[in-house]
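[1] The sequence and its predicted three-dimensional model are supplied below.
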Amino acid sequence: MKEVYPGILQLIDVMGTFAFTVSGAFAAMERRLDPFGVLIISFVTAVGGGTLRDVLVGDLPVRWLANGTTIGVVFAASVATMLFGSLLKRLDKALFLFDALGLGFFTIVGVEVGINKSLSASICIALGTITACFGGVLRDVLLNKVPLIFHKEIYALACIAGGGFYYALYHLQVPADLAKVGCIFLVFAIRFLAIRYQLALPRFYLKQDS
Amino acid sequence: MKEVYPGILQLIDVMGTFAFTVSGAFAAMERRLDPFGVLIISFVTAVGGGTLRDVLVGDLPVRWLANGTTIGVVFAASVATMLFGSLLKRLDKALFLFDALGLGFFTIVGVEVGINKSLSASICIALGTITACFGGVLRDVLLNKVPLIFHKEIYALACIAGGGFYYALYHLQVPADLAKVGCIFLVFAIRFLAIRYQLALPRFYLKQDS
Amino acid sequence: MKEVYPGILQLIDVMGTFAFTVSGAFAAMERRLDPFGVLIISFVTAVGGGTLRDVLVGDLPVRWLANGTTIGVVFAASVATMLFGSLLKRLDKALFLFDALGLGFFTIVGVEVGINKSLSASICIALGTITACFGGVLRDVLLNKVPLIFHKEIYALACIAGGGFYYALYHLQVPADLAKVGCIFLVFAIRFLAIRYQLALPRFYLKQDS
């Protein structure tokens, strides 16, 4: 079941997993959790989205149970954040880069699961978005916060756009590698612009809140 | 796997899904989430209970992944709530009606899953209650609140009573359509009385809270 | 699928389930939930860890759906806590004993699931820890709290140590019963010392919190 990615995608996988883990570890450390709590939150942040996707479509056991690389990267990144957190915090630009690349990559993984199961376009895109975004949602739920991605800079929308783009390219029979690069680039560009110009979606309010 | 309901039950399914979606969207808008957050919370509220049931019994992929009607109704209802929320808020009696009918209907769907798998009576009723109630529980968890149904007017109890009634009628070999109408009517009646007279269950406290 | 434990392990299973249920019921009563809410939280606390494990590895339907003993114990213990809570509260030493024994027992159940599926050592230990600890995590999430086990006395670490010990003994071909007793004893000893001397893990902070 484990896929063999060409080298560059494998590297992006590791970079994304690293960035997700670090974001989970930072959030847990801000809440003063103990090392075990930090490790769990890191883990959930990194693999939560893929876990939910695998459960929803019935690909069980979930993928990471048999993926030693992911487990190793998460463990190492979580421990490194506990030991060298202040140092890592200064590398915020590298972490943003890793996170944005990982976001695009995980979106592709999710969309492909849907395509392989012949699910509809909207469900494929939803699976991509779930894979990329729900680790962060579970992180925030465990830390007792309203999930960040529901009310901060554009995040999930980048995955929806990237997932839709990849799905379209796939059905236009664009070569897979090119489609992947295109998707990752689009997600990255949206995230870059969202952070650069602090773009958030408009809100809809009720006139008469009860 | 998708069942063919006779017209009236299909209609109740859509009405219930609509009401659940709107309740999710309202709750999310009150927390000032962005449109994507509102959509996600709407979705989780509408399909969360059925998802948990499908996962627990192992009916994977979960049903809504292949159910275009549900996905369409949820999407349309969520967008409509964002655009015309103030208007919908005034239709609170229609929404209560839809919600109460949907509650009975979803209870039946859950009990039937248990019956088809020859599970025990208490588990069948639990599956019905989970199907009908856990979307609201997940909505509240994601919005960082103690689930409403654990401490407000009688809600889950209506499903337990309706589910037990349906299970009994089924085993007394009452015709299926009659049993379904009976269950939906019972759930509706309990909810109507609970709201009308603000009935809540008594609480058990500890004398010496630590 | 249901295993036949020798009498003493079956008894520990029941004692552990009882203690987990009571801890869930107490936590729910402190939040003034209604009886249905108390019952749900009790249930989630008692079976949540095993449910997550079964879902992750794909052992569906989850085990407790067909386990009348567990359902009966949880129901009885939850109702008993609502009726005789103040009395039970005074039995805190017995409850700690039951909880600590159950913790060791549930760890073993989880590790064995991993061993039977030929999963790696770290995943076997993780499954044991999830089985023993995640019911409490879900309890706290539903009650809108940061999970206790992430920031209080050593709890998960006892399961990790016990699970690793059991895994090692198993591969050293120590007789199963002896390995189980050893694991339960080790978990119990760590918990006893942690509570007795209020041992908590050290924290890692960030120098420059943003």
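    Ah, there it is.

[2] and the gap between residue A:24 and residue A:93?
    Separation of residue A:24 from residue A:93 (C-beta to C-beta, to the nearest Å) stands at 19 Å. For the C-beta atoms, the positions are set from N, CA and C on the backbone; glycine is no exception.

[3] typo on my end, it should be residue A:164
    Using C-beta to C-beta, one gets 28 Å for the distance from residue A:164 to residue A:93.

[4] More neighbours: which of those two?
    Between residue A:164 and residue A:93, counting by other C-beta atoms under 10 Å in any protein chain shown, residue A:164 is the more crowded of the two (20 against 8).

[5] wait, what's in contact with the more buried one?
    The neighbours of residue A:164, taking C-beta atoms under 8 Å, 6 or more residues apart in numbering or on different chains as the test, are A:121, A:125.

[6] Let's see that with 6 Å instead.
    residue A:125 (C-beta atoms under 6 Å, 6 or more residues apart in numbering or on different chains).

[7] For stretch A:36-54, C-alpha coordinates in CSV please.
    Extracted as CSV, the C-alpha positions of stretch A:36-54 are listed here (Å, rounded to 0.1, in the frame of the first residue of the first chain):
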residue,chain,number,x,y,z
PHE,A,36,4.2,13.1,26.5
GLY,A,37,1.5,15.6,25.8
VAL,A,38,3.7,17.5,23.4
LEU,A,39,4.6,14.2,21.6
ILE,A,40,0.9,13.2,21.2
ILE,A,41,-0.2,16.6,20.0
SER,A,42,2.7,16.6,17.5
PHE,A,43,1.7,13.2,16.3
VAL,A,44,-1.9,14.1,15.9
THR,A,45,-1.1,17.2,14.0
ALA,A,46,1.2,15.4,11.6
VAL,A,47,-0.9,12.3,10.9
GLY,A,48,-4.4,13.3,11.9
GLY,A,49,-5.6,14.4,8.5
GLY,A,50,-4.4,11.2,6.8
THR,A,51,-5.9,9.1,9.6
LEU,A,52,-9.3,10.7,9.2
ARG,A,53,-9.2,10.2,5.4
ASP,A,54,-8.2,6.5,5.8
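
[8] helix/strand/coil for the residue minimising distance to the centre of chain A?
    Centroid-nearest residue in chain A: residue A:132, 3.0 Å away (criterion: C-alpha atoms, centre = their mean). State at residue A:132, reduced to three classes by DSSP: H, G, I helix; E, B strand; the rest coil: helix.

[9] List the residues that contact it.
    Contacts for residue A:132 were tallied using C-beta under 6 Å, 6+ apart; they are A:49, A:103, A:106, A:107, A:159.

[10] swap in residue A:107?
    By C-beta under 6 Å, 6+ apart, the contact set of residue A:107 is A:128, A:132, A:159, A:162, A:163.

[11] pLDDT at the first one, what is it?
    It refers to residue A:128. At residue A:128, the pLDDT value in this model is 95.

[12] just the fourth one next, same as before
    You'll see residue A:162 listed with a pLDDT of 96.

[13] Give the buried residues for the host helix or strand of it.
    Residue A:162 belongs to helix A:156-171 when assigned by DSSP states H and E. Using 16 or more other C-beta atoms under 10 Å in any protein chain shown as the test for burial, helix A:156-171 gives A:156-167, A:169-170.

[14] Over to stretch A:94-109?
    A:95, A:97-109.

[15] and that stretch, average pLDDT?
    Averaging pLDDT along stretch A:94-109 gives 90.

[16] what about dumping the CA coordinates of that stretch to CSV?
    Written as CSV, here are the backbone C-alpha positions of stretch A:94-109 (Å, rounded to 0.1, in the frame of the first residue of the first chain):
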residue,chain,number,x,y,z
ALA,A,94,11.8,27.9,6.6
LEU,A,95,9.0,26.4,8.6
PHE,A,96,6.4,28.4,6.6
LEU,A,97,8.1,27.1,3.4
PHE,A,98,8.0,23.5,4.6
ASP,A,99,4.4,23.9,5.8
ALA,A,100,3.1,25.3,2.5
LEU,A,101,4.9,22.7,0.4
GLY,A,102,3.6,19.9,2.7
LEU,A,103,0.1,21.4,2.4
GLY,A,104,0.2,21.0,-1.3
PHE,A,105,1.7,17.5,-1.2
PHE,A,106,-0.8,16.2,1.3
THR,A,107,-3.6,17.6,-0.7
ILE,A,108,-2.4,15.5,-3.7
VAL,A,109,-2.2,12.4,-1.6
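
[17] circling back: switch the contacts of residue A:132 over to a markdown table; also include secondary structure and distance to residue A:39.
    What follows is those, written out as a markdown table (DSSP: H, G, I helix; E, B strand; the rest coil; distance: C-beta to C-beta, whole Å):
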| residue | secondary structure | distance to residue A:39 |
| --- | --- | --- |
| A:49 | helix | 18 |
| A:103 | helix | 23 |
| A:106 | helix | 21 |
| A:107 | helix | 26 |
| A:159 | helix | 26 |
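
[18] May I see those organised as CSV, with distance to residue B:60 added?
    As requested, the contacts of residue A:132 are exported to CSV (distance: C-beta to C-beta, whole Å):
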residue, distance to residue B:60
A:49, 17
A:103, 26
A:106, 21
A:107, 22
A:159, 23
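
[19] ok, these vs residue C:152, which is closest?
    Residue C:152 lies nearest to residue A:49 out of the contacts of residue A:132, by C-beta to C-beta, at 28.2 Å.

[20] What residues does the closest one make contact with?
    Residues near residue A:49 by C-beta under 6 Å, 6+ apart: A:130, A:131, A:132, A:134, A:135.

[21] from those, which two are the most distant?
    Spanning the widest gap among those are A:130 and A:135, at 9.5 Å by C-beta to C-beta.
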